[in-house]
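[1] Give me coordinates for this.
(one chain, ligands or ions: 1)
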Amino acid sequence: MTRTSGLIGGWTDNVAEHRGGGSAQCVEFLRWALPHLRLRWSGFRKVRRQVWRRVRRRAAALGLGDLFAYRAYLERHREEWAALDVLTHITISSFYRDRAVFDFLQREVLPSLAMRALMGGRTSFEVWSAACASGEEPYTLSIMWRLALRTRYPNPPLHVLATDVEPAALVRAREACYAPGSVRQLPDSWRSLAFDERAGQLCLRPSLRRCVEIAQHDVRTAVIGGPYDLVLCRNPVFTYFEESLQREVLARFAGGNATWGCAGARPPRVHTGGRAHSQSVAVSPDVYRRE
Ligand SMILES: C[S@@+](CC[C@H](N)C(=O)[O-])C[C@H]1O[C@@H](n2cnc3c(N)ncnc32)[C@H](O)[C@@H]1O
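    Model (predicted):
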């Protein structure tokens with residue numbers, strides 16, 4: 001590694017740089033390391049401080065005094081890349097995040113899926129929340145379904161598979177208790193019907209958890225379950241993954257047969273076996289339908 005001038009070993013202690021998350025060391029390190037993990041720097045620009053803090057802690061735990069030593073360590077120990085990969089998981093989420101997306105789901109997508117599943121004689125309609133963080137996204141869907149749609153579409157019932165790669169996030173998802181700030185964006189009436197207050201936290205009522213099944217899964221591996229009517233993959237894949245990895249994941253989602261999908265950014269076009277079978281049409285910001 002070529003040392004950037006002014007960074008002569010040791011972690012930079014330029015407070016102003018750290019406050020801005022703009023440490024030259026941080027940027028240089030992430031620009032070098034992320035492509036090794038098939039992740040892209042542009043996705044991490046805004047959250048780099050969080051990743052950087054973890055990297056520093058990790059290097060300190062290994063007894064490495066500076067970034068250069070950690071980089072050399074990565075070059076010598078292949079297994080350390082898996083540890084670094086874990087440090088890149090950004091689990092920020094909240095209920096009803098991206099209101100326009102959830103409003104569109106409520107107005108257009110969920111009713112049409114419910115009708116299609118009913119007409120097809122199906123016993124459930126299936127949603128996969130493919131990077132569910134601590135459950136905020138799948139539980140938002142469950143609340144919306146129960147409180148705004150179920151009386152009009154009593155059958156078939158909604159089933160949501162909620163997966164994430166991060167075990168700590170899944171523990172929180174199973175507990176389903178949240179700081180008030182996490183549920184702030186939910187409509188007031190939903191908030192009071194959906195949660196019980198316990199020791200300063202808001203805990204989701206069991207009746208709203210029941211349709212959500214939680215499991216650990218890495219979207220870079222084979223799809224589990226399916227077929228799905230709707231895949232929610234808001235934020236990790238199309239924000240953090242490099243484009244070739246986005247295409248691989250999208251091709252697997254297409255294999256999972258979803259008709260609708262939600263992403264935090266426009267997914268790339270995918271051609272598999274000579275067929276552009278998973279091209280997506282944007283029907284609303286961040287909501288796509290397979291052609
Ligand atoms: C920023 S959160 C987004 C949560 C939610 N989808 C939303 O939009 O609010 C990104 C989530 O993706 C998860 N994640 C990152 N890489 C993943 C992977 N390879 N497989 C599954 N989940 C992953 C992280 O653990 C994190 O919980």
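[2] Report the mean confidence score over the helix or strand where residue 189 lies.
    Following DSSP states H and E, one finds residue 189 within helix 188-194. Across helix 188-194, pLDDT averages out at 96.
[3] Tabulate the CA atom coordinates of stretch 201-220 in PDB.
    Output in PDB follows, covering the C-alpha atoms of stretch 201-220 (Å, rounded to 0.1, in the frame of the first residue of the first chain):
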ATOM      1  CA  GLN A 201     -39.900   0.300  24.400                       C
ATOM      2  CA  LEU A 202     -42.700  -0.500  21.900                       C
ATOM      3  CA  CYS A 203     -43.300  -4.200  21.500                       C
ATOM      4  CA  LEU A 204     -45.200  -5.500  18.600                       C
ATOM      5  CA  ARG A 205     -48.300  -7.400  19.500                       C
ATOM      6  CA  PRO A 206     -48.100 -11.200  18.900                       C
ATOM      7  CA  SER A 207     -51.000 -11.300  16.500                       C
ATOM      8  CA  LEU A 208     -48.900  -9.100  14.200                       C
ATOM      9  CA  ARG A 209     -45.800 -11.200  14.400                       C
ATOM     10  CA  ARG A 210     -47.500 -14.500  13.600                       C
ATOM     11  CA  CYS A 211     -47.400 -14.200   9.800                       C
ATOM     12  CA  VAL A 212     -43.700 -13.300   9.800                       C
ATOM     13  CA  GLU A 213     -41.200 -16.200   9.800                       C
ATOM     14  CA  ILE A 214     -37.600 -15.200  10.500                       C
ATOM     15  CA  ALA A 215     -34.500 -17.000   9.300                       C
ATOM     16  CA  GLN A 216     -30.900 -16.300   8.600                       C
ATOM     17  CA  HIS A 217     -29.900 -16.100   4.900                       C
ATOM     18  CA  ASP A 218     -27.300 -14.500   2.800                       C
ATOM     19  CA  VAL A 219     -28.700 -13.100  -0.500                       C
ATOM     20  CA  ARG A 220     -25.500 -14.000  -2.200                       C
END
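[4] How far off centre is that stretch?
    Its chain's C-alpha centre and that of stretch 201-220 lie 14 Å apart, by CA atoms, centre = their mean, to the nearest Å.
[5] in the helix holding residue 189, what's buried?
    Counting neighbours by 16 or more other CB atoms under 10 Å, one finds that the buried residues in helix 188-194 are 190-191, 194. Just so you know, the C-beta spots here come from the backbone N, C-alpha and C atoms, and that holds for glycine as well.
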